[in-house]
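In: Structure of the sequence below:
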Amino acid sequence: MLIKIYGSAIHGVAAQTITIEVNVDNGIGYHLVGLADNAIKESSYRISAALKNVGYKIPGKKITINMAPADLRKEGAAYDLSIAVGILAASDQIMAENIQDYVIMGELSLDGSLQPVRGVLPIAIQAREEGFKGIILPMQNTREAAIVNNIHVYGAENIKEVIDFFNEGKALQKVTLDTKKEFQERINNFPFDFSEVKGQETAKRAMEVAAAGGHNIILIGPPGSGKTMLAKRVPSILPPLTLKEALETTKIHSVAGKMGAETSLMTVRPFRSPHHTISDVALVGGGSYPQPGEISLAHNGVLFLDEMPEFKRTVLEVMRQPLEDREVTISRARFTVNYPASFMLVASMNPSPSGFFPDDPNNTSSIYEMQRYMNKLSGPLLDRIDIHIEVQKVEFEKLSEKRKGEKSTDIRTRVLLARDMQNERYKDLNISYNAQMGPKEIEAFCDLDDTSFSLIKLAMEKLNLSARAYDRILKVSRTIADLEGSDSILSHHVSEAIQYRSLDREFWNV
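Out: A predicted model of the protein is given here:
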């Protein structure tokens, strides 16, 4: 008897429905075809033990399983449940009248219990688009899938529950979720606040400008000056995620298997802080079976690279293209995968190998050591970082004062007002904030008066800035003007933006 049952495969951050055809005929043998990986080929052992432990068995006949389309690579143990149910239906051990109304996914343990799978959110979205009545999943995945409306989401702890659902009509636990309520309740949950940062007013201002325009920023300062502390608080002043952005971000984390059992929807912007020993593949994504890397997991959020010169140069250089294009393309011989990577880069570094600024008496690094240290960051990469800010050590008087600093909510209010101006300005364009401006938008929205033009011309000549750095200064100037509610870029806006190009100054080229 031939039975068709449906599962789903992940390709990039999207899903594609897989038709699993199970044919049970006279003879012996177990044949699985359709470009399945080793984890799927090993499923026969898990299925056999699981069925035996719940009172069923694989029939002693010839079983042929085809996973269509046959030219699409399938991987992982997520097809265990669908294959097992297909075998039972094809061998008349369970009823199969409405089995084609459901997408069924789940990994089997030997005792028949179900383990969670990855990529449930895009699977549920695809199932709804293709008109399936419902989706049957391990209980741990149900909250994530329930974000998708207009499709029934059923959870099971054991394959026996799924068998009884089809065979005896016993109800599976149906999971529903109020997505908007869930989103609104958790949208402002932040573990860190800028009020906890003592001093560092200049750095806080630079962080506010960076958040208002979505600009990349690098913090340069000695150990203990608060660089990491500042960076961890950036998500608290960024605009809250929209529901669309939350779904985009959740899809990526779902595909990467980073969603917890109690997490249904990403409600705050992600903050990713990889260790400096990370490989280039782990950072940008890829592998034999491509997975999203850290830059995609930071999509719509913050990627923090602590002690940036300690990262391998090859790792840093592969970020150059994603920083410009805001997506990363992973190419293999048989397919190409695109992952979104629109993130805000926050980096930190010491001013020298010894940890001190070049003009500090405690600096023991030689000129050669400092040049070699700075050369770990290429010019083209630094050009893609809009704001360079020096972070000085906090004086004792600042550290010991009881008065709290400005709260993140107050800073965020100003950031939101600036973003509102940008949303209005770019409403007819395919961009959302100043950092995304291209040459056409810069020409249209960054017009300078004579004083500002003379000021930036002088800076270009004295600092020997690149054309990309010139564009960065104009973008940051536009953001500073937005924070003031000014439609025009004035000379003091340009002057402040030029101050945020520390690493371009002769001071560093010792």
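In: Number of residues surrounding Leu35?
Out: Using other C-beta atoms under 10 Å, Leu35 is surrounded by 15 other residues. Bear in mind the C-beta positions are built from the backbone N, C-alpha and C, glycine included.
In: Over to Ile125?
Out: 19.
In: repeat for Val85
Out: 28.
In: ok, residues contacting the host helix or strand of it?
Out: Assigned by DSSP states H and E, Val85 falls within helix 80-90. Contact with helix 80-90 is made by 1-7, 20, 22-24, 32, 40, 43, 46-47, 50-51, 56, 58-59, 63, 65, 94-96, 99, 104-108, 114, 136, 159, 162-163, 166, as judged by C-beta atoms under 8 Å, 6 or more residues apart in numbering.
In: again with stretch 234-248
Out: Contacts of stretch 234-248 (C-beta under 8 Å, 6+ apart): 121, 147, 179-180, 183, 187-188, 190, 192-194, 207-208, 210-211, 249, 265-271, 299-302, 304, 340, 344, 346, 408, 411-412, 415-416, 419.
In: Quick check: next helix or strand after the longest strand seen in the chain?
Out: What stands out as the longest strand in the chain, according to DSSP state E, is strand 14-25. Later in the chain than strand 14-25, the nearest helix or strand by DSSP H and E is strand 29-33.
In: Contacts for that next one, please.
Out: Applying C-beta under 8 Å, 6+ apart, the external contacts of strand 29-33 come out as 40-41, 43-44, 58, 62-67, 70, 83.
In: now the angle between strand 14-25 and the helix holding Val85, please.
Out: Inter-element angle recorded for helix 80-90 and strand 14-25: 30 degrees (by axes from the mean of the first three to the mean of the last three C-alpha atoms, to 10 degrees).
In: how far out from the middle of the chain is the helix or strand just after helix 80-90?
Out: Counting by DSSP H and E, the element after helix 80-90 in chain order, helix or strand, is strand 102-104. Averaged C-alpha coordinates place strand 102-104 at 27 Å from its chain's average position (C-alpha atoms, centre = their mean, to the nearest Å).
In: Among the contacts of strand 29-33, which pair sits farthest apart?
Out: Ile58 and Ala70 (22.9 Å; C-beta to C-beta).
In: Between the two, tell me which one has more neighbours.
Out: Per other C-beta under 10 Å, whichever of Ile58 and Ala70 has more neighbours is Ile58, with 19 against 11.
In: per-residue confidence for the more buried one?
Out: Ile58 is assigned a predicted lDDT (pLDDT) of 94.
In: re the thing from before, return the member of the contacts of strand 29-33 nearest to Met308.
Out: Met308 lies nearest to Ile40 out of these, by C-beta to C-beta, at 40.9 Å.
In: ok, now which ones touch the closest one?
Out: By C-beta under 8 Å, 6+ apart, the residues touching Ile40 are 32, 67, 74-77, 79, 83.
In: Rebuild those residues as JSON lines, extending it with neighbour count and distance to Ala127.
Out: Shown next, in JSON lines, are the contacts of Ile40 (neighbours: other C-beta atoms under 10 Å; distance: C-beta to C-beta, whole Å):
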{"residue": "Leu32", "neighbour count": "19", "distance to Ala127": "23"}
{"residue": "Met67", "neighbour count": "22", "distance to Ala127": "17"}
{"residue": "Lys74", "neighbour count": "22", "distance to Ala127": "17"}
{"residue": "Glu75", "neighbour count": "16", "distance to Ala127": "19"}
{"residue": "Gly76", "neighbour count": "20", "distance to Ala127": "17"}
{"residue": "Ala77", "neighbour count": "17", "distance to Ala127": "19"}
{"residue": "Tyr79", "neighbour count": "31", "distance to Ala127": "15"}
{"residue": "Ile83", "neighbour count": "25", "distance to Ala127": "18"}
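In: on that earlier part again, using PyMOL, define a selection of the buried residues within the contacts of helix 80-90.
Out: Here is the PyMOL command that selects the buried residues among these (16 or more other C-beta atoms under 10 Å):
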select buried, resi 3+4+5+6+7+20+22+23+24+32+40+43+46+47+50+51+56+58+63+65+94+96+99+104+105+106+107+108+114+136+159+162+163+166
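In: Would you map the strands across the stretch 351-500 of the chain?
Out: Applying DSSP state E, counting those that start in this stretch to the stretch 351-500 of the chain gives strands spanning 387-390.
In: ditto for the stretch 151-300 of the chain
Out: For the stretch 151-300 of the chain, the strands defined by DSSP E, counting those that start in this stretch cover 152-156, 173-174, 217-220, 271-272, 285-286, 291-292.
In: closest one to Val494 among these?
Out: The minimum distance between Val494 and those falls on strand 217-220, with 18.1 Å, by C-beta to C-beta.
In: Just the buried positions in stretch 413-431, please.
Out: By neighbour count with 16+ other C-beta under 10 Å, stretch 413-431 contains the buried residues 414-416, 418-419, 421-422, 425-426, 431.
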